[in-house]
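1. Quick check, what structure comes out for this input:
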Amino acid sequence: MKFNCDMGESFGSWVKGNDEAVMPFVDMANIACGMHASDPSTMARTVALACEHGVSIGAHPGYPDLLGFGRREFALEGAQLEACVLYQIGALDGICRAQGRRVEYVKPHGALYNKMMRDESTLDSLITAVRRYDAGLPLVVLAAGASANAALRARAARQGVELWFEAFADRAYGADGRLVPRTQPGAVHTDAERVIRQVREIAEQGQVSTLEGTRIALKADTLCLHGDNEQLLAAVGRIRAALS
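-> Below is the predicted model of the structure:
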């Protein structure tokens with residue numbers, strides 16, 4: 001199971017996360033593409049850092065929402081949403097090409113990611129955008145049990161797009177298998193020991209404990225630690241060791 005992290009989410013002189021400290025521990029860097037966070041210089045620096053450490057580079061597109069960090073839902077649908085995502089993938093891929101690399105996958109951010117997982121038309125638009133840019137790029141979606149994953153995989157396969165299924169190290173799950181909204185208490189884990197327990201549950205048992213105290217199945221290809229979870233960045237080495 002690969003370890004991924006959202007990165008390149010600073011903007012101008014405003015710094016978010018600690019990419020230099022985290023990059024040596026991850027397999028995949030989900031790099032913001034300038035709409036929910038980042039700017040051209042930040043993108044270029046983050047790509048260079050990923051190149052230095054041999055880390056896979058993914059486009060991390062979000063809604064055009066710098067003020068809200070991409071965590072507010074926007075009324076973008078169909079062709080408008082596809083164009084928004086294509087614009088962001090292309091921007092990051094251009095910076096990658098200048099450094100001898102390419103974008104290798106796509107993982108939506110924040111409110112766009114959450115809407116994709118509950119709204120089939122949004123998911124279809126994202127699949128279409130990926131196919132139109134490069135059908136060889138996998139799209140990262142939220143992992144669930146084997147049967148739910150299979151249904152999503154079949155939906156994407158109709159457009160010739162592969163899916164990678166993702167679980168979260170530092171987010172609480174509800175009994176419905178979705179991430180608990182950040183507006184609710186306990187939605188984000190900030191205690192390293194709690195995160196390490198969740199990592200081991202997912203990696204070793206293929207399941208996760210929910211906020212309600214139940215356990216649900218999760219079949220994941222990759223595990224995410226959020227780059228803006230400042231309380232956990234100092235423990236990223238221990239979290240990675242738990243995954244290994």
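2. drop to CA atoms for contacts and neighbour counts, all remaining ones
-> Fine.
3. would you list every one of the strands in the chain?
-> Along the chain, counting by DSSP state E, strands occupy 2-7, 28-32, 56-60, 105-106, 139-142, 163-168, 207-209, 215-217, 222-225.
4. can you list those strands in TSV and add mean pLDDT and distance to T122?
-> Shown next, in TSV, are these (pLDDT from 0 to 100; distance: least, Cα to Cα, whole Å):
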stretch	mean pLDDT	distance to T122
strand 2-7	95	21
strand 28-32	98	19
strand 56-60	98	16
strand 105-106	98	15
strand 139-142	98	12
strand 163-168	97	15
strand 207-209	95	26
strand 215-217	94	25
strand 222-225	93	22
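5. And the helix or strand of the chain with the lowest mean pLDDT, how far out from the chain middle?
-> For the chain, scoring each helix and strand by mean pLDDT, DSSP states H and E identifies helix 230-233 as the least confident one, at a mean of 76. Per Cα atoms, centre = their mean, to the nearest Å, the displacement of helix 230-233 from the mean C-alpha position of its chain is 17 Å.
6. As CSV, could you dump the C-alpha coordinates of it?
-> In CSV, the C-alpha atoms belonging to helix 230-233 read as follows (Å, rounded to 0.1, in the frame of the first residue of the first chain):
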residue,chain,number,x,y,z
GLU,A,230,0.5,20.2,11.4
GLN,A,231,0.2,18.2,14.6
LEU,A,232,1.1,15.0,12.8
LEU,A,233,4.0,16.1,10.6
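7. Just the buried residues of that helix, please?
-> Along helix 230-233, the positions that meet the burial threshold by neighbour count (16 or more other Cα atoms under 10 Å) are 232-233.
8. ok, and what's touching that helix?
-> The set of residues that contact helix 230-233 without belonging to it, under Cα atoms under 8 Å, 6 or more residues apart in numbering, is 17-18, 21-22, 190-192, 227.
9. Can you say which of those residues are buried?
-> When neighbours are counted using 16+ other Cα under 10 Å, the contacts of helix 230-233 contain these buried positions: 17-18, 22, 190, 192, 227.
10. Enumerate every residue touching the residue nearest in space to the middle of the chain.
-> Relative to the mean C-alpha position of the chain, the nearest C-alpha, by Cα atoms, centre = their mean, is the one of K107, at 4.7 Å. Contact partners of K107, counting by Cα under 8 Å, 6+ apart, are 30, 58-61, 113, 139-141.
11. Mind giving me the ChimeraX select for those residues, buried ones only?
-> Buried members of these can be picked out in ChimeraX with the line below, counting by 16+ other Cα under 10 Å:
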select :30,58,59,60,61,113,139,140,141
